[in-house]
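Participant: sequence plus the predicted model coming up.
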Amino acid sequence: MVKETWEKTFVGASLLPCFMGQSTVIIPSRDLVIVRLGPSPGGGAAYMNEYAGRVLDAIGLAGT
């Protein structure tokens, strides 16, 4: 579990890295789980931080 990167962006969020860049992001403060299937370009926490931010923007939960 990668905590440092996520604690700065989402309170209590966790990144669960999986095989070949697939990832699960759990954000309890937003009642949200994001699952990224398939290889992720760049893989890792920085990419998933950006990806989760775009998902939150798209569903209107960013900054709430």
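Facilitator: Done, it's in.
Participant: what is the mean pLDDT for the lengthiest helix in the chain?
Facilitator: Ranked by residue count, the top helix of the chain under DSSP state H comes out as helix 45-58. The pLDDT scores in helix 45-58 average 82.
Participant: mind checking how far that helix is from the chain centre?
Facilitator: Centre-to-centre, helix 45-58 and its host chain are 6 Å apart (C-alpha atoms, centre = their mean, to the nearest Å).
Participant: now the helices for the protein?
Facilitator: With DSSP H as the criterion, the chain has helices spanning 4-9, 45-58.
Participant: kindly export the longest one (C-alpha atoms) in CSV.
Facilitator: Only the C-alpha atoms of helix 45-58 are listed here, as CSV (Å, rounded to 0.1, in the frame of the first residue of the first chain):
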residue,chain,number,x,y,z
ALA,A,45,1.4,6.4,-7.6
ALA,A,46,1.9,9.6,-9.7
TYR,A,47,-0.1,8.3,-12.6
MET,A,48,-2.9,7.0,-10.4
ASN,A,49,-3.0,10.3,-8.4
GLU,A,50,-3.7,12.1,-11.7
TYR,A,51,-6.1,9.5,-12.9
ALA,A,52,-8.1,9.6,-9.6
GLY,A,53,-8.2,13.4,-9.7
ARG,A,54,-9.7,13.2,-13.2
VAL,A,55,-12.3,10.7,-12.1
LEU,A,56,-13.3,12.9,-9.1
ASP,A,57,-13.6,15.9,-11.4
ALA,A,58,-15.7,14.0,-13.9
